[in-house]
Every structure is written in C-alpha cells, then in structure tokens.
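Undergrad: Sequence plus predicted model, see below.
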Amino acid sequence: MSPSDLRAIPSVEKVLQALGDTGLPRPVVLEVVRAELAGLRKHRTIPDFDGVLARLQVSLKGLRASRIQPVINGTGILIHTNLGRAPLGPEVIERLSKIGSNYNNLEFALPGGTRGGRAAYLERSLALLCAAEAATAVNNNAAALVLILRYFCRSLARPDDRRFGIGTRRASLPKNEVIISRGELIQIGGGFRIPEILESSGARLREVGTTNKTSIHDYARAITRQTALILRVHRSNFFMGGFVESARTEEIAALARKKQVPFVEDLGSGAMIETEAISGLEHEPTAAEVVGRGVDLVCFSGDKLLGGPQAGVIAGKSKLIAALKREPIFRALRCGKLILSALETTVDLYLRGSSADSSHPNTAAGKRISREQSHRYAGIPVLEMMRVSNDELRSRAEKLIPALDGLPIAALVGVGHAQIGGGTLPRSVLASVTLDLAHHTLKPQEIASRLREQTVPVIGYIARGKLKLDLRTIFPWQDAELVSAIRAASS
C-alpha cells in the first residue's frame with residue numbers, strides 16, 4: 001500500500017464525529033472504529049469516506065442488536081430458549097426491583113444479628129412444593145446434574161456414604177459408573193449432550209438396554225461394585241412410539257433400594273400442575289410425582305414449566321441434599337440474590353394458589369395441582385398463556401386489524417398451532433389465533449426482517465406465503481407496540 005493510500009484512510013476522530021450518536025458507549029464505538037480502520041490498512045483498495053461510514057454503521061447496528069433487549073414473541077412458542085425461556089410475572093419483577101435496588105439479608109440472620117445461611121426460606125418452600133424432604137437450587141439444571149454427578153462419582157469412598165453401602169467397601173475401589181438407558185442418551189438444545197456432561201463430571205457410562213427397549217432386568221444386570229448411581233433422564237424434548245418399553249420409575253426405585261444404589265432422575269421441565277388438564281397438552285410428570293415414586297433425588301429447570309428464573313432445582317432426601325451443599329463446587333454453582341428472590345416469589349405464587357393443608361408439608365402441598373385449582377395460579381405468565389382461550393385471542397386480533405387500516409398490507413385473523421417449547425411436551429399443540437400479514441409489494445421475508453429492526457423487535461414466522469404473529473405469546477399490553485412496529489415496517 002502506497003503512502004497516498006494510507007493518507008486516504010480517515011482519522012479515528014473524523015469517523016467518530018461523522019457517526020454522531022450511535023446509542024452505544026464511546027469506548028465501544030471507538031474499539032469498533034479502530035478495528036475497522038486497522039482492517040482497511042490490510043486491503044489494497046480503500047473505499048471512500050462514505051463507504052467507510054457505511055461499513056461501520058453496519059457493524060455498529062449488528063452490535064446494538066446483540067444487546068439483550070425486550071422483544072415481541074409472535075412465534076407461538078411459549079418457552080422459547082432463544083428468546084429467554086419463561087417470562088417473569090409482575091410480582092416477581094416487583095420483588096426483583098426491591099431486592100436489586102437495596103441491601104438485603106442474603107446471608108444475614110435478622111433475629112440474632114449474625115451471619116446466616118442463604119436460601120433457607122426458598123429451600124423449605126421448594127421442598128414443600130416438591131413433596132420432598134429437602135431441596136436446594138443452583139444456577140441451572142445442567143449445573144444441578146454436574147453437582148450430583150461430582151458428588152456420587154469419585155474414586156474414593158466417603159464416611160457419609162454408608163446409607164448406600166459405599167463406606168463398607170475398599171477405599172481404593174473406583175465407584176464412578178452411571179447406569180443409564182441407551183434411549184435416554186439425549187441431546188438438548190445448544191449442544192448439551194447427556195453423555196458428554198456425564199463424562200466431564202468424572203462419570204463412566206454404563207449404557208443398558210437398547211434405544212427403544214430397556215427393562216428392569218437390564219438395570220439389575222448392570223449393577224456392580226463400581227456403580228455410583230442409576231440415572232434416569234426424562235425425554236422432555238422428543239418422544240418414541242411403536243415397539244418401545246421402559247422400566248417404570250417405581251421398579252427402578254425398588255431395585256435401587258435393594259442394591260443400596262442412589263437413584264436420580266433428571267426431570268428437565270419442572271412442571272407443577274396437571275398439564276393434561278389444559279386442552280392440547282399431554283401429561284408431564286411433576287417433581288412431586290417422581291419423588292413419590294421413590295427416587296432419591298430429582299432435578300429440573302426453573303425457567304421452563306415452573307415459570308421462574310433460570311435455575312436448577314434439586315429435591316429429594318435430606319441427607320443427600322445436605323451432602324451436595326457441602327461439595328466445594330456448590331459455591332461456584334450457587335444462585336445470587338436476584339435469582340433466589342425471583343425463585344422465592346415464583347414458588348410462593350404456587351403455594352398461595354394451593355389449598356393444601358399446611359400441617360402436612362410433604363404430602364398435600366406437593367401433590368399435583370388439580371384441574372379445579374389450576375386457574376388459581378395467576379401471576380405466572382407461562383401458565384396464563386397456556387390457559388387463555390381462543391375466543392380472547394380472536395377478540396384481540398379483530399381489534400388489531402382496524403388499527404392497521406391505510407397500510408399497504410392485508411391483515412387477517414388466522415389459525416395458529418402454539419407449542420410449549422424449551423425441550424418440553426414435544427407432542428403437545430395448543431390451538432391458537434394469529435395475525436396474518438401480507439404486504440402488497442414486499443415478500444414476507446422482507447416484512448419479517450423489517451419487524452426485527454424495530455425499536456421493540458417483533459419476531460414471527462412465515463407460513464403459506466404470509467407472516468404470522470401468534471397472539472398466544474404476545475402479551476395484551478404489547479398490542480399497541482405491535483401496531484406501531486407493523487406500521488413502521490410496512491411504510
């Protein structure tokens with residue numbers, strides 16, 4: 001590159017002045033500008049000044065779009081992993097605001113004025129909700145599984161393992177085999193593979209059965225002196241039909257007790273209500289059901305069907321929960337004040353909605369919420385979205401259409417098929433109502449792209465030549481923003 005070419009590259013300050021207010025912090029913009037100009041110096045052809053600005057504006061636009069921001073979810077997927085999974089309700093948000101903007105008693109015992117433990121109230125409430133002896137929470141369900149595996153899979157026995165016969169064996173005996181059905185070696189979104197998470201935690205897989213058939217005898221034959229635990233993984237994001245067989249949880253639990261081997265189930269979705277009571281949904285086992293069937297520990301996500309923040313809940317035997325909390329890695333996986341507060345409030349909403357007898361904390365309160373009770377759980381958006389009727393959705397759609405008059409776009413009330421999403425209830429479909437948009441000149445892909453560029457991005461899906469926005473996943477208070485976005489994108 002000649003000296004004249006180098007002189008053609010504008011200065012950093014000149015570019016910054018020309019860009020003006022980008023909506024980003026100056027150090028961020030400065031870093032982008034410097035990187036772009038440094039890249040130009042490596043090319044033989046130097047664009048003109050306007051070309052340089054255009055390249056930078058594209059880069060900055062992409063950077064702005066990558067910041068976490070509210071969006072309007074018109075996909076019809078209630079628990080959309082890419083869109084943040086379960087939205088939080090107003091009571092949870094109010095609680096987060098109070099806790100986040102003040103000091104709090106996270107690890108302070110108010111009665112005695114001394115240092116206290118964290119999450120005592122939450123753990124008691126979670127145990128009550130799950131009908132378990134004890135419970136705790138970490139930062140997500142993957143972390144919950146890692147913690148469980150790290151505790152049970154190790155080379156040396158520990159004194160507190162006598163409950164499962166471990167302490168009576170030779171201290172040098174490796175004990176890290178995890179028995180799991182081949183039909184449960186699943187992959188969840190984002191590349192999370194059960195076999196890899198097991199192996200990274202020091203476990204050695206002992207696969208039993210076949211992809212489609214695993215009997216109780218397969219589990220029994222696999223148990224050896226090296227067995228650390230039996231792991232069951234709920235198939236929450238896919239289903240198998242036809243020539244299939246799976247051992248019942250009760251059978252595995254009985255075998256585990258007989259052989260003094262821990263039995264853990266990764267439930268995944270964290271349902272707390274009778275999902276089959278809602279039209280279009282199949283039954284999803286709850287933590288209370290699984291605990292009642294004899295598992296020693298169950299873990300599940302907080303931001304799926306529970307409808308709370310991202311967290312991993314572990315419930316089960318009190319001795320095991322206490323042991324997990326003593327693991328050194330627990331401190332690295334524990335939740336902070338905001339997650340604990342959001343989870344506390346979510347669990348409170350369930351417990352307040354239950355008519356269970358509080359004198360029996362580990363039986364009545366943790367049972368599946370009945371069909372009659374399911375309407376009481378207001379304040380949990382995921383459950384509210386499941387329950388809203390198509391008549392209500394259709395009424396909203398019909399009110400939106402007149403608000404779009406005068407635009408070069410045809411808007412109609414359409415039919416939708418909403419899904420739960422988030423690796424949950426894969427066979428379930430909720431009948432829904434959509435707002436179908438067809439621009440007079442622009443293709444649906446172009447309208448979809450323009451909607452994603454709005455101040456509040458709108459995300460829908462394309463079907464049969466139209467852009468469809470499912471109202472089941474669009475909150476009523478977002479209707480005005482939705483109309484504004486459509487108007488801006490259509491002009």
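TA: Ah, there it is. Residues are numbered from 1 along each chain as shown.
Undergrad: The closest residue to residue 107 other than its chain neighbours and residue 34: what is the separation?
TA: Nearest residue to residue 107 in three dimensions, chain neighbours excluded: residue 118, at 4.9 Å (Cβ to Cβ, 6 or more residues apart in numbering). Glycine gets a C-beta too; all of them are placed from N, C-alpha and C. Residue 118 sits 43 Å away from residue 34, taking Cβ to Cβ, to the nearest Å as the criterion.
Undergrad: more neighbours, those two?
TA: The residue with more neighbours, out of residue 118 and residue 34, is residue 118; 16 against 12, by other Cβ atoms under 10 Å.
Undergrad: what's around residue 444, how many residues?
TA: 20.
Undergrad: Report the contact partners of it.
TA: 437-438, 462, 465-467 (Cβ atoms under 8 Å, 6 or more residues apart in numbering).
Undergrad: can you rerun that using 6 Å?
TA: 462, 467 (Cβ atoms under 6 Å, 6 or more residues apart in numbering).
Undergrad: next one: residue 56
TA: residue 36 are the contacts of residue 56 under Cβ under 6 Å, 6+ apart.
Undergrad: Could you verify that it is part of a helix?
TA: Yes. Judged by DSSP: H, G, I helix; E, B strand; the rest coil, residue 56 forms part of a helix.
Undergrad: quick one: it from residue 227, how far?
TA: From residue 56 to residue 227 the distance is 60 Å (Cβ to Cβ).
Undergrad: before we move on, what about residue 64?
TA: Distance from residue 64 to residue 227, by Cβ to Cβ: 53 Å.
Undergrad: Then residue 185?
TA: From residue 185 to residue 227 the distance is 17 Å (Cβ to Cβ).
Undergrad: More neighbours: these two, which one.
TA: For residue 185 and residue 227, the more surrounded residue by other Cβ under 10 Å is residue 227, and the numbers stand at 23 against 16.
Undergrad: Wait, the residue nearest to residue 107 touches residue 105, no?
TA: No. If you go by Cβ atoms under 6 Å, residue 118 and residue 105 don't touch, sitting 9.3 Å apart.
Undergrad: Can you tell me how far the residue nearest to residue 107 is from residue 340?
TA: 7 Å.
Undergrad: Then residue 293?
TA: Taking Cβ to Cβ, one finds residue 293 at 29 Å from residue 340.
Undergrad: quick one: which of these two has more around it?
TA: A direct count of neighbours by other Cβ under 10 Å for residue 293 and residue 340 places residue 340 higher, at 22 against 18.
Undergrad: And what about that one, helix, strand or coil?
TA: At residue 340 the chain is in helix, as set by three-state DSSP.
Undergrad: Run through the residues that contact it.
TA: Taking Cβ under 6 Å, 6+ apart, one finds 119, 122 in contact with residue 340.
Undergrad: same thing but 7 Å
TA: 118-119, 122 (Cβ atoms under 7 Å, 6 or more residues apart in numbering).
Undergrad: do the same with residue 138
TA: Counted by Cβ under 7 Å, 6+ apart, residue 138 has contacts 144, 147, 312, 333-335.
Undergrad: And stretch 473-488, how far out from the chain middle?
TA: Counting by Cα atoms, centre = their mean, to the nearest Å, stretch 473-488 is centred 25 Å from the centre of its parent chain.
Undergrad: Give me the neighbour count for residue 109.
TA: There are 12 residues near residue 109, going by other Cβ under 10 Å.
Undergrad: Hmm, I typed the wrong one, I wanted residue 475.
TA: 15.
Undergrad: Tell me, how many residues neighbour the nearest residue to it once chain neighbours are set aside?
TA: Residue nearest to residue 475 in three dimensions, not counting chain neighbours: residue 381, with 7.7 Å by Cβ to Cβ, 6+ apart. Residue 381: 18 surrounding residues under other Cβ under 10 Å.
Undergrad: And the one 5 residues further on, by the same measure?
TA: Taking other Cβ under 10 Å as the criterion, the count of residues near residue 386 is 24.
Undergrad: wait, it sits on residue 279?
TA: No. Residue 386 is beyond contact range of residue 279, at 9.5 Å (criterion: Cβ atoms under 7 Å).
Undergrad: ok, now how distant is residue 214 from residue 307?
TA: 32 Å.
Undergrad: scratch that, residue 469
TA: 22 Å.
Undergrad: Can you list phi and psi of the nearest residue to residue 468 once chain neighbours are set aside for me?
TA: Nearest residue to residue 468 in three dimensions, chain neighbours excluded: residue 434, at 4.3 Å (Cβ to Cβ, 6+ apart). Backbone geometry at residue 434, expressed as degrees, to the nearest 10, gives phi -120, psi 160.
Undergrad: residues in contact with residue 434?
TA: Residue 434 touches 414-416, 468-471, counting by Cβ under 7 Å, 6+ apart.
Undergrad: Give me the pLDDT value at it.
TA: Looking at residue 434, its pLDDT is 98.
Undergrad: And the next helix or strand past the helix or strand bottoming out on mean pLDDT in the chain?
TA: In the chain, no helix or strand scores lower on mean pLDDT, DSSP states H and E than helix 3-8, which sits at a mean of 53. Next in sequence after helix 3-8, counting helices and strands by DSSP states H and E, comes helix 12-19.
Undergrad: Counting neighbours, show which residues of that next one come out buried.
TA: 15-16, 19 (16 or more other Cβ atoms under 10 Å).
Undergrad: Helix or strand next in line after it, which one?
TA: helix 26-40.
Undergrad: Show me the contact partners of that next one.
TA: 9, 12, 15-16, 19, 22, 46, 55-56, 59-60, 63.
Undergrad: cool, stretch 266-282 as well?
TA: 129, 141, 145, 231, 233-234, 236, 283-287, 290, 298-302, 304-306, 313, 350, 368-371, 374, 377, 383, 386-387, 423-425, 427-431.
Undergrad: Over to that stretch now: how far is its first residue from its last?
TA: End-to-end span of stretch 266-282 (Cα to Cα, to the nearest Å): 19 Å.
Undergrad: what about the closest residue in space to residue 74 that isn't next to it in sequence, which helix or strand?
TA: Spatial nearest neighbour of residue 74, excluding adjacent residues (Cβ to Cβ, 6+ apart): residue 469 at 3.4 Å. Taking DSSP H and E as the definition, residue 469 sits inside strand 466-470.
Undergrad: Only C-alpha atoms, please: export that strand in PDB.
TA: This file holds the C-alpha atoms of strand 466-470, laid out as PDB (Å, rounded to 0.1, in the frame of the first residue of the first chain):
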ATOM      1  CA  LYS A 466     -47.800 -14.900   5.000                       C
ATOM      2  CA  LEU A 467     -46.100 -13.600   8.000                       C
ATOM      3  CA  LYS A 468     -47.900 -15.000  11.100                       C
ATOM      4  CA  LEU A 469     -47.800 -13.500  14.500                       C
ATOM      5  CA  ASP A 470     -49.300 -15.800  17.200                       C
END
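Undergrad: Please tell me how far it is from the chain's geometric centre.
TA: Averaged C-alpha coordinates place strand 466-470 at 24 Å from its chain's average position (Cα atoms, centre = their mean).
Undergrad: State the paired neighbours of that strand in the sheet, together with their directions.
TA: strand 430-439 (antiparallel), strand 461-463 (antiparallel) (DSSP bridges).
Undergrad: And the shortest one, what's buried?
TA: Spelled out, it's strand 461-463. Across strand 461-463, burial judged by 16+ other Cβ under 10 Å covers residue 461.
Undergrad: So for it, mean pLDDT?
TA: Mean predicted lDDT for strand 461-463 stands at 96.
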